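**Q** only geometry, no sequence info:
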């Protein structure tokens, strides 16, 4: 968990994408997140977390629906939503917290 604390304690917003390879909506978000990363560059971090391989963290954050997207900045959760999102909405959200 201490590694998680290091991931979210940054000056730029961090978008966490909790996913599984067997969930169709989760897999569909990969391309959306590539677009968001390309648009924002160093102004945000995007981290994909496979819930099957990170069960303890997923349980601690009560991840139920997939995909679940969470934005952190300076170790504080700023936004959270389950389900697919479009790239423009995510870009606007991340810019809001930049």
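**A** That came in fine, so what should we check first? Since we're looking at a predicted model, the values are computed, not measured.

**Q** Strand partners (parallel or antiparallel) of the helix or strand containing residue 18?
**A** Per DSSP states H and E: residue 18 is located in strand 14-19. Paired neighbours of strand 14-19 in the sheet (DSSP bridges): strand 45-50 (parallel), strand 68-73 (antiparallel).

**Q** List the buried residues of the first one.
**A** This points to strand 45-50. Buried residues in strand 45-50, defined by neighbour count with 16 or more other C-beta atoms under 10 Å: 45-46, 49. C-beta coordinates here come from the backbone N, C-alpha and C atoms, glycine included.

**Q** Check which residues of the helix ranked longest in the chain are buried.
**A** What stands out as the longest helix in the chain, according to DSSP state H, is helix 24-40. Residues of helix 24-40 classed as buried: 26, 29, 32-33, 36-37, 40 (neighbour count, 16+ other C-beta under 10 Å).

**Q** Make CSV out of those residues and add pLDDT and distance to residue 19.
**A** Putting the buried residues of helix 24-40 into CSV (pLDDT from 0 to 100; distance: C-beta to C-beta, whole Å) gives the following:
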residue, pLDDT, distance to residue 19
26, 94, 4
29, 96, 7
32, 97, 11
33, 97, 9
36, 97, 14
37, 97, 15
40, 97, 19
